[in-house]
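K.L.:
Any chance you can model this:
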Amino acid sequence: MARQMSTMMMAAAAVAVMCVASVCAARPVADPYSVEGRVYCDTCQAGFETSATTYIKGAKVRVDCTDRYTQELLYTAEGTTDSAGQFKILINEDQGDRVCDTILVSSPQSDCKLADPGRHRSRIILNSNNGMISRRRFSNSLGFVKDQPLAACAQVLLQYQLTKDDN
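P.N.:
Down below sits the predicted model:
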């Protein structure tokens, strides 16, 4: 009888733990994640930031989180860059095993609206089960490409050229 009672108590405790765990997994976090980054205009069409790069005020950026297996969109949040081209998007939920990316949405600059195919998104981790203590997450810089490169770009790009002696 005592053994049967002990088994029942252990089963009840296991059910209680699973119920608490499932409620906690679905709840918003008290201290939100902060996804931060910058949006730039590649004024030299270099494919990366240069000394001639400008940062875009008013660009729209989105955080999308999808199911790891089905790629179904499960969470989205949007933000806008400030005068320095920086964005900060607060995420109120731990995303667990979801795959999350920051993604360029739009640029307010009419001559710099094309998203750079290699710099239009950045993977970010939005869960607490990874050893990171801080709730701040940093996205790689995201970039749009200027329609026509600036006249000074030829000179700017020279500083990035490798010579034979740089091997």
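K.L.:
contacting residues for the spatially most central residue of the chain?
P.N.:
Ranked by distance to the mean C-alpha position of the chain (Cα atoms, centre = their mean), the top residue is Thr102 at 3.5 Å. Neighbouring residues of Thr102 by Cβ atoms under 8 Å, 6 or more residues apart in numbering: Val35, Gly37, Val61, Arg62, Val63, Ile89, Arg121, Ser122, Ile124, Ser139, Leu142. The way it works is simple: take the backbone N, C-alpha and C, and place the C-beta from them, glycine included.
K.L.:
tell me the contacts of the first one?
P.N.:
Under the criterion of Cβ under 8 Å, 6+ apart, the contact list for Val35 reads 63, 79, 87-91, 102, 124, 126, 137-139.
K.L.:
Any stretches of this structure with poor pLDDT?
P.N.:
1-29, 162-167 (pLDDT under 70).
K.L.:
let's go with 80 and repeat that
P.N.:
1-30, 161-167 (pLDDT under 80).
K.L.:
Going by residue numbers, what spans are strands in it?
P.N.:
33-42, 54-55, 60-66, 73-80, 86-91, 99-106, 114-115, 121-124, 136-138, 142-145 (DSSP state E).
K.L.:
so which of those strands gets nearest Gln159?
P.N.:
strand 33-42 (15.5 Å; Cβ to Cβ).
K.L.:
what separates that closest one from the chain centre, distance-wise?
P.N.:
8 Å (Cα atoms, centre = their mean, to the nearest Å).
K.L.:
likewise stretch 81-101?
P.N.:
Using Cα atoms, centre = their mean, the offset of stretch 81-101 from its chain centre is 5 Å.
K.L.:
So for it, what gets flagged as buried?
P.N.:
By neighbour count with 16 or more other Cβ atoms under 10 Å, stretch 81-101 contains the buried residues Thr81, Gly85, Phe87, Ile89, Ile91, Glu93, Asp94, Gln95, Arg98, Val99, Cys100.
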